[in-house]
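In: Sequence below, structure please.
(one chain, ligands or ions: 1)
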Amino acid sequence: MPRLLVINSSGRSSRSITRRLTAQFAESWLAANSGGELVERDVTLQLPTPVNEAWIASAFAAPETRSAEMLKALAESEVLLAEVEAADALVIGVPMYNFGLPAQLKAYFDQIIRVNRSFSFNPEAIEPYQPLLTDKPITVIVSVGDGDLLPGGPMSELNFLEPHLVTMLGFIGLHNVEFVRVGYEEYQDGRLKRALEAAEQEVAKRAMIEQ
Ligand SMILES: Cc1cc2nc3c(=O)[nH]c(=O)nc-3n(C[C@H](O)[C@H](O)[C@H](O)COP(=O)(O)O)c2cc1C
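Out: Model prediction:
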C-alpha cells in the first residue's frame, strides 16, 4: 500500500498557505493512489525535541555499547526516521521565517540527520560522508511573504531556506526534491492570488505523478 508522509511546519493552524497546499496535495495523491495511506507529522503541534547532551552522547556511541537510557535518548529519532523510511513519497510544507526554515523544522532535521543511521562518516575515505537513506520523491511547498526572495527574484541571495533544505535532504540521500513556491503572502494584491492559483495547479500535477 503506497504511503505519503505529510510534514507541516507552519506556526499558523488556520490561514496557513503551506498547510492548505499540503492538504490539497494529500487529497490529490489519495485520489491518484487507491488504497494509499497518509501519515501526518506536524512539527509545530508536536515539537521535535532539540538535541541535547544525552542525544549527542548516544548518537555518537557505538550501537552495541548503548545503555537502555541511551537508547531512550534516541527513541524519538528512531520514530521519525522510521516514518521517513516507510514512506513512498513526502510532501513538506515550509514557511519562510527570517530568511530560513522554521526552528521546529530544523529541530526535526536535527533528529533525523544522525551518524551511522541516516549518513555515515569515514574520515579516511575520499568521500567521507555517505548518505544511508533510499531516495524517494519529495515535494516541498514553500510560502514567503515577499516573492522577491524566491529563485530568480531580486532578493534571492537572501533565501537561505531552499539551499539549506536541499543540502540537509541530500546529505541523507534524499535528492529527488521539487519545489512548489508561493510568493507575496504579505502583499494582499493580485500577485498573491496569481501565485496561489499557479501553485494549486502545480500541486495537482505533482501529486498525480508522485506515485
Ligand atoms: C516569524 C515569521 C517570520 C517571517 N519571515 C519572513 C521572511 O524572512 N521573509 C518573507 O518573505 N516572509 C517572512 N514571513 C512571512 C511568511 O513566510 C509567510 O506569511 C508565509 O505565507 C507563512 O507560511 P504559512 O502561510 O503556511 O503560515 C515570516 C512570517 C513569520 C510569522
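
In: Would you agree L74 is in contact with I56?
Out: No. With contact defined as Cβ atoms under 8 Å, L74 does not reach I56; the gap is 10.3 Å. The C-beta positions use only the backbone N, C-alpha and C, and glycine is treated the same way.

In: Looking at those two, which one has more neighbours?
Out: When neighbours are counted by other Cβ atoms under 10 Å, L74 and I56 differ, and L74 comes out ahead with 20 against 11.

In: List the residues that contact the more buried one.
Out: With contacts defined as Cβ atoms under 8 Å, 6 or more residues apart in numbering, L74 is in contact with W55, S58, A59, R66, R114.

In: the strands in this structure, which residues?
Out: 3-8, 37-42, 89-95, 119-121, 129-131, 138-143, 177-182 (DSSP state E).

In: Buried residues, the lengthiest helix in the chain. List them.
Out: Using DSSP state H, we find that the single longest helix of the chain is helix 190-209. For helix 190-209, burial by neighbour count (16 or more other Cβ atoms under 10 Å) applies to L192, A195, L196, A199, E200, E202, V203, A204, R206, A207.

In: quick check, nearest of those to the ligand?
Out: Looking at the buried residues of helix 190-209 and their distance to the ligand, the nearest is L192, at 9.2 Å (Cβ to the nearest ligand atom).

In: I figured that closest one hits Y184, correct?
Out: Yes. L192 lies in contact with Y184 (Cβ under 8 Å); the separation is 4.6 Å.

In: now the longest helix of the chain, how far from the chain's geometric center?
Out: From the chain centre to the centre of helix 190-209 is a distance of 19 Å (Cα atoms, centre = their mean, to the nearest Å).

In: Where do the helices of the chain begin and end?
Out: 17-32, 53-60, 68-73, 75-86, 103-112, 161-171, 190-209.
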